[in-house]
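K.L.:
Give me a model of this one.
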Amino acid sequence: MNLPLKFTIVFTIIIQFITAALLSFLLLGCIDTSSNYSNVYLLSYKFNQSSPLYDYLSTSSNSSITTTTTTNNNSTAIDELSVKVGYMGVCLSSSSKDISCTTYTGLDSFPKFSISMLSGDLDLVQLAQSFSNICHPRILLATIILTLIGLIILCYCVIPIVPGKSIMKKLNAGLSFILLLLWGLGSMLQHQAVVTSVEMMQQSSFQLLIGTRGGRAEAMTWTAFSFILMMFLSACLSWWMEIRMSKLNGKSLQHQQQPLVDTKI
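P.N.:
Predicted coordinates:
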């Protein structure tokens, strides 16, 4: 294996490992109160203080905030409510220092915050559950699994004197192309789901709720897509270099055998 080809494979291994790590953190966002997880969210929403309905909610006689344990008619708590939504978890903060996170399977034991106005209720946690049905992590999980399989294939190709390297490199090129299509689709679907949810949440709540996209999660999404594109180009380059090298070796072997044929004649 020549030096440029080996460098290309090692470079691909590095960016593929980084891609797997980025996608894993994206998948595990909002499952823990640590800032490494709670700050990785797809969507965040809270009450919009500039909404005409906000003043109506801020009067204790017209609204109430109900939790699973207590009922608080103090309107100042409304300002502090914020919900962050990830692929597998939800984080709810009632102040800058008080954050609770859980997975979707543990929402039953999660503190419930519902806003009562007139005869209707607005459950903030239920909104997060609804978003999880829109943006499901199936494509993300498939992308992580295929990325790890590709990483194993590349590590196999680096090992010297092992059979089937040419087949493995072809397989890796095909796998990289599938990854490019798969996560390209996943990135676009995620982006569209988040943008649509932010807009629809604001309009359907009469501007009472305001949503924002998670900047860190979006950056991780498109960075991973860029790395997958680089992985595909690197796999194609590696395959092309190997084919070119085999052709040059074949021509060199023919030139070496030609004088022997002339001598026998």
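
K.L.:
Report the mean confidence score over stretch 176-184.
P.N.:
For stretch 176-184, mean pLDDT is 95.

K.L.:
Can you list the buried residues in it?
P.N.:
Under the neighbour-count criterion of 16 or more other Cβ atoms under 10 Å, stretch 176-184 has 176, 179-180, 182-183 buried. Placement of C-beta: from N, CA and C, glycine included.

K.L.:
any idea which of these is closest to A235?
P.N.:
For these, the minimum distance to A235 (Cβ to Cβ) is 4.4 Å, reached by S176.

K.L.:
Leaving out the residues flanking it, which one is nearest to the closest one?
P.N.:
In this structure, S176 finds its nearest non-sequential neighbour in F232, 4.0 Å apart by Cβ to Cβ, 6 or more residues apart in numbering.

K.L.:
Can you get me a residue count around that neighbour?
P.N.:
21 (other Cβ atoms under 10 Å).

K.L.:
State the mean pLDDT of whichever helix or strand it is part of.
P.N.:
Applying DSSP states H and E as the criterion places F232 in helix 215-264. In this model, helix 215-264 has a mean pLDDT of 76.

K.L.:
show me where the protein has strands.
P.N.:
In the chain, the segments counted as strands under DSSP state E are 43-47, 63-66, 71-72, 82-85, 89-93, 99-103, 114-117, 120-123, 209-213.

K.L.:
which stretches of this protein aren't confidently modelled?
P.N.:
Across the chain, the ranges flagged by pLDDT under 70 are 1-2, 54-79, 95-97, 111-121, 246-265.

K.L.:
sorry, back to before: am I right that the residue nearest to S176 is in contact with F177?
P.N.:
Yes. If you go by Cβ atoms under 8 Å, F232 and F177 touch, sitting 5.8 Å apart.

K.L.:
What is the burial count for G86?
P.N.:
G86: 29 neighbours (other Cβ under 10 Å).

K.L.:
dump the residue contacts of the nearest residue to F131 once chain neighbours are set aside.
P.N.:
The shortest distance from F131 to any non-neighbouring residue, by Cβ to Cβ, 6+ apart, is to V85 (5.2 Å). V85 makes contacts with 30, 41-45, 128, 131-132, as judged by Cβ atoms under 8 Å, 6 or more residues apart in numbering.

K.L.:
Mind doing that once more with 10 Å?
P.N.:
The contact partners of V85, by Cβ atoms under 10 Å, 6 or more residues apart in numbering, come to 29-30, 41-45, 91-92, 104, 127-132, 135, 194, 197, 211, 214, 217.
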